[in-house]
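Visitor: fold the stuff below for me.
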Amino acid sequence: IAYNGATFQADDNSINNLSRMLQAFAGGPVPTGFAWIAANNTPVSFTYADMQVLARAIGTRAYSAFVQLQTRKATIRAATTAAAAQAVEW
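Guide: Numbers count the residues shown, from 1 in each chain. Next comes the predicted model:
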């Protein structure tokens, strides 16, 4: 996920880490010097609000993928021929 001039990982482990940090610092500022590590292992200064934005971007991407999957599945279920089902692009 691109944010704040860097690209960040969005695998399950990274999402779990982000979720834990959001919970740990909820209701207060992050420690001085707090940084989130970009995909290239560069630390990027982050505030609590930055973590929220990154989490929302990850969630938005996941939801978009979910909607696309559901649409494709519905198209396949509605197909009346094998060719129509095979025409669905993944």
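
Visitor: all contacts plus neighbour counts: C-alpha atoms, from now on.
Guide: Fine.

Visitor: the longest helix along the chain packs against which elements?
Guide: Longest helix in the chain by number of residues (criterion: DSSP state H): helix 48-78. Contact partners of helix 48-78 among helices and strands, from 3 or more C-alpha pairs under 8 Å, 6 or more residues apart in numbering; DSSP states H and E: helix 12-24, helix 82-86.

Visitor: state the distance from the nearest residue to residue 6 once chain neighbours are set aside to residue 30.
Guide: Spatial nearest neighbour of residue 6, chain neighbours left out: residue 38 (6.2 Å); criterion: C-alpha to C-alpha, 6 or more residues apart in numbering. For residue 38, the distance to residue 30 (C-alpha to C-alpha, to the nearest Å) stands at 17 Å.

Visitor: can you list the low-confidence ranges for this protein?
Guide: Filtered on pLDDT under 70, the chain yields no residues whatsoever.

Visitor: center of it, which residue is that?
Guide: Geometric centre of the chain, nearest residue: residue 58, 1.9 Å, by C-alpha atoms, centre = their mean.

Visitor: residue 36 falls within a helix, correct?
Guide: No. Applying DSSP: H, G, I helix; E, B strand; the rest coil, one finds residue 36 to be strand, outside a helix.

Visitor: what sits against residue 73?
Guide: If you count contacts by C-alpha atoms under 8 Å, 6 or more residues apart in numbering, residue 73 has none.

Visitor: what about it, distance to residue 21?
Guide: From residue 73 to residue 21 the distance is 35 Å (C-alpha to C-alpha).

Visitor: what's the answer for residue 64, then?
Guide: Counting by C-alpha to C-alpha, the gap from residue 64 to residue 21 is 24 Å.

Visitor: over to residue 58?
Guide: Distance, residue 58 to residue 21, by C-alpha to C-alpha: 15 Å.

Visitor: what does residue 87 give?
Guide: For residue 87, the distance to residue 21 - C-alpha to C-alpha - is 43 Å.
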